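**Student:** please work out how this folds:
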Amino acid sequence: MPTPARSANVVRFDVFEVELRAQELYKAGRKIKLQIQPFQVLAMLLERPGEVVTRDEMQKRLWPADTFVDFDHSVNTAIKKLRQALGDDKNKPRFVETLPKRGYRFLATVKRPASSAAVAETPVAAPAVGKDAAAKDAAASSWMGRVAKVSCEGGLPFAVVAIDETAAAERQKLDAANDDVGLSLLIASQRLIMLPEGTPVRIIEVEHTHSRCQARILEGEHYGKTALLPLKLLAESQELNSLRGPRQWNLCN
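**Tutor:** The predicted structure follows:
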C-alpha cells in the first residue's frame with residue numbers, strides 16, 4: 001500500500017488507489033499488476049473524470065505520429081486489460097464506459113489530494129562574467145567524457161530525470177501546477193526516466209549556468225540513452241577516482 005510520504009501523489013476512486021508517479025495501481029491496499037499502456041489510458045481518464053476522452057486524443061498523446069503501431073488494436077487491448085485490472089464489465093461498466101465511435105469516459109468519483117501551495121521557482125543565477133566565467137567554462141570542459149554515478153537525494157532509491165530540455169521545461173511547469181497526472185504521463189512515455197542510485201553515466205556536456213549536465217547512461221534499463229541530470233545528483237565514481245585521484249566537484253559553486 002502506498003506509504004504516507006507518497007499520499008500527495010495518490011488519486012483514489014471506489015476501493016482503488018493510483019500512485020501516479022510510480023505508475024502503480026492498488027485495490028484495497030493490494031497492488032494490482034497493470035502494464036504501461038493500460039496505465040497510460042487510466043491516467044488520461046482520471047485526468048478528466050466524467051468527460052469523454054476520444055480515441056483520437058489517446059492516439060495523439062500516447063502513440064505519437066512517429067510511432068509505428070496498430071493503434072486500434074493497441075487501444076482496444078489497453079482498455080481490455082484496464083477493465084480486467086479494475087474488475088469492470090464492458091456491458092455494465094462501473095468505471096470505464098465505451099462510447100462507440102467516440103471514445104471512453106471514466107464514471108466513478110475521483111478523489112484527489114488537496115492542492116499544496118505552489119512552490120516558488122528558484123531563480124537561476126546570472127551567468128558569471130570575466131575570469132569567473134572562463135574558469136567555470138574550463139572546469140566544465142574538464143569533466144566532459146568522465147564517468148560519474150547517480151547519487152539520489154532524500155534517501156530515495158532512484159532519481160527522476162528528463163531526457164532532454166523540452167521534457168525538463170515541461171516537468172517544471174507540471175511541478176509548479178502540482179499536475180501529477182501530467183508527470184505520470186511523462187514518465188509513462190519515458191520522457192522522464194527513473195535512474196537507480198549508483199547508476200554510472202558518462203558526462204557529455206556540462207551547463208554550469210543551469211547546474212546540470214547531459215550524460216549517457218551506461219547501465220540498466222535505459223542503457224545507451226542520454227538525459228539531463230542536475231549536477232547535485234552526480235558523484236564521481238570510485239573507479240575514476242582510483243585512476244585519476246580524488247577531485248572536488250566544483251561546477252555548482
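
**Student:** what ranges of this protein fall below the confidence cut-off?
**Tutor:** Scanning the chain for pLDDT under 70 picks out the ranges 1-8, 64-69, 113-143, 208-210, 236-253.

**Student:** okay, buried residues for the longest helix along the chain please.
**Tutor:** The longest helix of the chain (DSSP state H) is helix 71-86. By 16 or more other CB atoms under 10 Å, the buried positions in helix 71-86 come out as 74-75, 78-79, 81-83, 85-86. All C-beta atoms are positioned from the backbone trio N, CA, C, and that covers glycine.

**Student:** what do you get for stretch 99-109?
**Tutor:** Buried residues in stretch 99-109, defined by neighbour count with 16+ other CB under 10 Å: 103-106, 108.

**Student:** check stretch 48-55 too.
**Tutor:** Applying 16+ other CB under 10 Å to stretch 48-55 flags 49, 53, 55 as buried.

**Student:** the second one is in contact with Arg102, isn't it?
**Tutor:** Okay, so that is Val53. No. Counting by CB atoms under 8 Å, Val53 does not reach Arg102; the two are 9.3 Å apart.

**Student:** what's whichever helix or strand comes after the longest helix of the chain in contact with?
**Tutor:** For helix 71-86, the following helix or strand on the C-terminal side (DSSP states H and E) is strand 96-99. Residues outside strand 96-99 that contact it (CB atoms under 8 Å, 6 or more residues apart in numbering): 45, 52, 79, 82-83, 86, 88, 90, 104-107.

**Student:** can you check stretch 27-40 too?
**Tutor:** For stretch 27-40, the external contacting residues (CB under 8 Å, 6+ apart) are 1, 15-17, 23-26, 42, 62, 74, 77-79, 81-82, 85, 184-185, 188-189.

**Student:** end to end, how far does that stretch reach?
**Tutor:** 18 Å (CA to CA, to the nearest Å).

**Student:** so after the top strand by length along the chain, what's the next helix or strand?
**Tutor:** Taking DSSP state E as the criterion, the chain has its longest strand at strand 200-207. Once strand 200-207 ends, the next helix or strand along the chain (criterion: DSSP H and E) is strand 212-217.

**Student:** note down every partner strand of that next one and its orientation.
**Tutor:** strand 200-207 (antiparallel), strand 226-230 (antiparallel) (DSSP bridges).

**Student:** flag every buried residue along that strand.
**Tutor:** For strand 212-217, a neighbour-count test (16+ other CB under 10 Å) marks 212-217 as buried.

**Student:** re earlier: adding distance to Phe158, write the strands paired with strand 212-217 out as TSV.
**Tutor:** Below are those laid out as TSV (distance: least, CB to CB, whole Å):
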stretch	distance to Phe158
strand 200-207	14
strand 226-230	13
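
**Student:** do a quick rundown of the helices in the stretch 51-200 of the chain.
**Tutor:** Under the criterion DSSP state H, counting those that start in this stretch, helices of the stretch 51-200 of the chain are mapped to 55-62, 71-86, 130-143, 165-176, 180-188.

**Student:** Arg112 is nearest to which of the ones you listed?
**Tutor:** helix 180-188 (8.5 Å; CB to CB).

**Student:** for the closest one, packing partners?
**Tutor:** When contacts are defined as 3 or more CB pairs under 8 Å, 6 or more residues apart in numbering; DSSP states H and E, helix 180-188 packs onto helix 36-47, helix 55-62, helix 165-176, strand 192-196.
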